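Colleague: Any chance you can model this:
(2 chains)
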Amino acid sequence: MMKSQTNQKELLEELIDVFVGIDEKIKLLHKDSSDVFLQLNSYLKDYYKKYGIITKNVTSIFDTTVGKKEMTLADEFSSIYSELKKYKSGTEKENLNNLNLLNQLNSKVNYISVMIRNFKQELTTFIFLATNYRLITNNENYDKETNNIIRNWENLAMHIQENLSELSKKFNALKISTSNLYTNSQAFYDDSINQIFSFFEDLKSSNVLISNKVNESSDQLKLLKDKMQNSKSSIGNIITHLQYHDIIRQKIEHIQSSHMKIVDSLKNVIEENNGDNTDAENERLALVSDISGLQSAQLILISKEYQNALEVITENFETIADDLAAVSSKSNEFSFEGKHSDTTIIKGVKTKLDKSLLVLDSFNLTSINKELSELTRKIEEVKEDASQNIFKPLEQFEKLAPKEVNGEELTNDESTPTNILLQLSSLARDILNKRDDLQNEINQTIDFSKAIVKDESRDEAGSFLEKEQIRLMVRISQVLERLDEENKQLDTLLSQNDKISSEIIKKLEDTINEVDYYELFENVLSEIIQSLNAINNQLVGEKQSFNNYEDIDNLKEIEALYTVASERIIHNNIIQGKGMEIEMPEPKSQDDEEDDLELF
Amino acid sequence: MAKTILIVDDSESIREVVSFTLENEGFDVLVGVDGIDAQKFLTGDKIDLIITDLHMPEMDGIELIKEVRTRPEYKLIPILFLTTESQTEKKMEAKQAGATGWIIKPFVPAKLIAAINKVMN
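Modeller: Below you'll find the model as predicted:
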């Protein structure tokens, strides 16, 4: 049935309006989908930046925790541990040795005190005999000169005896000092060794922890490497699917171009024929119908491609976010002492080494050695005192021995002056012999005390252990300095990773919000498809009255616009009457065999 | 020293993803929006590779290749097409114009890099 001229013109104008309306909507879609893709593109750059930072941080966290520097923390720690072990056993040995020597020194000082007491005893006897001699010979029958000599001799003996009492007091004081030093040293060594033992056990546990972490690190690193590789693959997928922006753009542009052609063509028909029903008009309407159907099919595929691209992109952003958050969390977890610990290994080790430094510092061998030196100085002082006040007067005492006694012999009457003189002379010899013994003993004691203070390894810088202690303290301080620096770095890395993980989660929400726009796209697209289908359906009815319908040739011009393989597939499906349901092409995998690459 | 790659494409998103992919692999990237625009980089400075789209306004990829091949300093540099087009006739046309290879969009980054390294070596 033929339509009236007016109706035909109205139909053409109506079609033009519909196509212009569709074109406006397509322009809007084009713009908005571009905005979405470009926004996703910028998100990708941001994710990649964060991926780079987290990768770098994770490597640094592992390097810092198990070490990949010149000397790893584990090696460093193990070396310090073994040096401390040597130092500990050296200290214990020295402790035993020093206590033994102090004990011996104490015995020697005791022995000297006994010698002084005996010496005083001899002098008392001497003074008694001398007094006795003087009383017997204090008359005209005896030589006055000898009496005077004996008096001087007696006086000298009394003087020496008084000095011996002073010396005895000093030796008693020395005895107390030696005994105190022994007790103090024993307590000091016991305390220090206990403390060394305690931190030594602490360090041992840290050493075990570090070794375990080193062993664990290869598995952890493999896991993290897999995650990072997974993220890289996700980034690849996103890049691949972001390109659908360009593919969809081209397809939309082709639809726009064909719409422009249709609109121009319909306008021409109106202008040229003023709405008369002609064959040309019928052909145009048939073409409009075919193109509408064809473009519906193209738009359905565009919609699917758009949906698929955004789904893949979103899924991969989610995968990246999950992987990066897992990597960040795993690496953070790795750097801590235990699962529920809030102390990093570095911080734990640092605290223990700090403690060891304090213990070493409190283990003041210098102070013990100073006390020993002080004791030696006191013994020398006493020796000097003995030399001035005992041994020098005793030289005089030796010279005062009366010459008359020589050649005389003891008689039966012991109380005779001659006999007393002989006894005095003999006693004086004993006293002088004891003097030599006392002098030797004091000298030996001084040498002995000096030997305690000055061991063979001692030089201006101190004993071997003192030097070892200082060396260890310097080394630990250097390690602590390094740990301090690393601890700060680790804290920065951990907090940066935490921050980035939070940002990634936030960014993921933004990404998903952007993709939510798909619903709007789908709705508008659906409206366009409905409009096109309506035109198609309407014109399919009209088409029955048309003559000279050339359905395929009229579409050649449209086919020439295509630049994407899927456009041509749909085109062929439609013109061959295979329907509008199009199978989505398989999405490209990052691992597919080369099929889209050809080198000439 | 980083190698320089000139990419020519009228699509902003493609320029973005290709630049992103190449820069992350350590290449220096020059960007042209079509054949005419790309010629501003053909100044004699070293370019190690050109990646171009086929369909572009002003000057398309085939014309650009022909122009590049007329210049002695760029006569031998590899040129890859990166396009949605997959028709054999177009590929043959590109080959005759002097293209080195043909990659169909959407590309997979790892494969693009592998192809680039292959043609540059």
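
Colleague: Pull up the residues of chain A that are close to chain B.
Modeller: By the rule Cβ under 8 Å from any Cβ of the partner chain, the part of chain A lying against chain B is A:34, A:37-38, A:41, A:44-45, A:48, A:235-236, A:239-247, A:249-250, A:563-565, A:588-590, A:592, A:594, A:596-600. The way it works is simple: take the backbone N, C-alpha and C, and place the C-beta from them, glycine included.

Colleague: Just the buried ones out of those, please.
Modeller: Using 16 or more other Cβ atoms under 10 Å in any protein chain shown as the burial test, those include A:34, A:37, A:41, A:44, A:48, A:235-236, A:239-247, A:249-250, A:563-564, A:588, A:590, A:596-598, A:600 as buried.

Colleague: hey, where'd the strands end up in chain B?
Modeller: Ranges of strands in chain B, per DSSP state E, are B:4-8, B:28-32, B:49-52, B:79-83, B:101-104.

Colleague: So what's the gap between the last one and the chain middle?
Modeller: What that stands for is strand B:101-104. Between the centre of strand B:101-104 and the centre of its chain there are 10 Å (Cα atoms, centre = their mean, to the nearest Å).

Colleague: I'd like to know which elements it is packed against.
Modeller: Contacts defined by 3 or more Cβ pairs under 8 Å, 6 or more residues apart in numbering or on different chains; DSSP states H and E place strand B:101-104 against strand A:597-599, strand B:79-83, helix B:88-97, helix B:109-120.

Colleague: Show me what from chain B comes close to chain A.
Modeller: So chain B meets chain A at B:9, B:11-14, B:16-17, B:20-21, B:24, B:54-55, B:83-86, B:91, B:95, B:99-111, B:115, B:118-119 (Cβ under 8 Å from any Cβ).

Colleague: got the contact list for residue A:117?
Modeller: By Cβ atoms under 8 Å, 6 or more residues apart in numbering or on different chains, residue A:117 lies in contact with residue A:168.

Colleague: quick revisit: which of the buried ones among the residues of chain A next to chain B fall within helices?
Modeller: A:34, A:37, A:41, A:44, A:48, A:235-236, A:239-242, A:244-247, A:249-250 (DSSP state H).

Colleague: From the centroid of chain B, which residue is nearest?
Modeller: residue B:51 (1.2 Å; Cα atoms, centre = their mean).

Colleague: which one is the residue most central in space within chain A nearest to, not counting chain neighbours?
Modeller: Nearest to the mean C-alpha position of chain A, by Cα atoms, centre = their mean, lies residue A:346 at 3.6 Å. Of all residues not flanking residue A:346 in the chain, residue A:487 sits nearest, at 4.8 Å (Cβ to Cβ, 6 or more residues apart in numbering or on different chains).

Colleague: Then residue A:559?
Modeller: residue A:571 (5.5 Å).

Colleague: repeat for residue A:391
Modeller: Per Cβ to Cβ, 6+ apart, closest to residue A:391 is residue A:439, 6.0 Å.

Colleague: which parts of the helix or strand hosting that neighbour are buried?
Modeller: Assigned by DSSP states H and E, residue A:439 falls within helix A:417-453. Neighbour-count burial for helix A:417-453, counted by 16+ other Cβ under 10 Å, picks out A:417, A:419-424, A:427-428, A:431, A:434-435, A:438-439, A:441-442, A:445-446, A:448-449, A:452-453.

Colleague: Stretch A:489-507 now?
Modeller: A:489-490, A:493-494, A:497, A:500-501, A:504, A:507.

Colleague: what do you get for stretch A:357-375?
Modeller: Buried residues in stretch A:357-375, counted by 16+ other Cβ under 10 Å: A:357, A:359-360, A:363, A:365, A:368-369, A:371-372, A:375.

Colleague: residues making contact with it?
Modeller: Contacts of stretch A:357-375 (Cβ under 8 Å, 6+ apart): A:91, A:98, A:102, A:105, A:174, A:177-178, A:181, A:184-185, A:188, A:192, A:195-196, A:199, A:449, A:452-453, A:462-463, A:465-466, A:469, A:472-473, A:476-477, A:480.

Colleague: Do me a favour and get the end-to-end distance for it?
Modeller: Its first and final residues considered, stretch A:357-375 spans 29 Å by Cα to Cα, to the nearest Å.

Colleague: Remind me which helix or strand the closest residue to chain B within the stretch 301-450 of chain A belongs to.
Modeller: Closest residue of the stretch 301-450 of chain A to chain B, Cβ to the nearest Cβ: residue A:309 (8.7 Å). Using DSSP H and E, residue A:309 falls within helix A:279-335.

Colleague: I'd like the next helix or strand past that helix.
Modeller: Beyond helix A:279-335 toward the C-terminal end (DSSP H and E), the next one is helix A:345-362.
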